[in-house]
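>>> My questions concern the predicted model and sequence given below.
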Amino acid sequence: MESDCRIPVACCRPRVLVLHALFWGLVSLRVFGAALLSEDKTTAVKPVVSPCWLLEDFIVTSACSQCNTFQTSWSSCEQTGYVERINCTRSNKDEYKSCRSAVMEEHLFWKFEAAMLALTVVFAIVVVVRQRWLDRLASEKVRRQIESI
């Protein structure tokens, strides 16, 4: 009596298992190695001055807008590409703060939706092809059993 397992026998061969272990070992080495290397680069400690909007209340004086060519070198612009001008109430300082634009968020949302739709289609096709292949194998098995009678 044969088992009802749907895992192909090819996946359990030692060579395939070793290749899987090697692949995932290299992936984890790459990820953890990158994390360790990024920690080593912080040898010189610079005093960090907190922006006023982290410590006190502020008023937005200019709405969130895309950075122009002059502003792209600023650290507040590098994070999202959008910046808003704020005024801290207690210290009365004008500063620029990184912000997330509604247009950018909508663009990222539709990009994500398209990627999910594409993955859904790809995996649906994979499921249909695999099911047809398994059905063909089952019918071949039944045919061989009938022929042997």
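On my side now, so go ahead. Numbering: from 1, shown residues only.

>>> what about V127, helix or strand, and which?
Assessed by DSSP states H and E, V127 sits inside helix 102-147.

>>> Could you report the pLDDT at the residue positioned nearest the centre of the chain?
The C-alpha lying nearest the average C-alpha coordinate of the chain belongs to F112 (C-alpha atoms, centre = their mean; 10.1 Å). We have a pLDDT of 96 for F112.

>>> For the remainder of this discussion, apply numbering that starts at 37.
Happy to do that; since the first residue is 37 now, the last one works out to F148.

>>> need the contact list for it.
Applying C-beta atoms under 8 Å, 6 or more residues apart in numbering to F148 gives no contacts. For glycine as for every other residue, the C-beta is placed from the backbone atoms N, C-alpha and C.

>>> Run the chain-centre distance for the helix or strand bottoming out on mean pLDDT in the chain.
Scoring the helices and strands of the chain by mean pLDDT, DSSP states H and E places helix 50-76 at the bottom, with a mean of 72. The chain centroid and the centroid of helix 50-76 are separated by 18 Å under C-alpha atoms, centre = their mean, to the nearest Å.

>>> Good, we can wrap up now.
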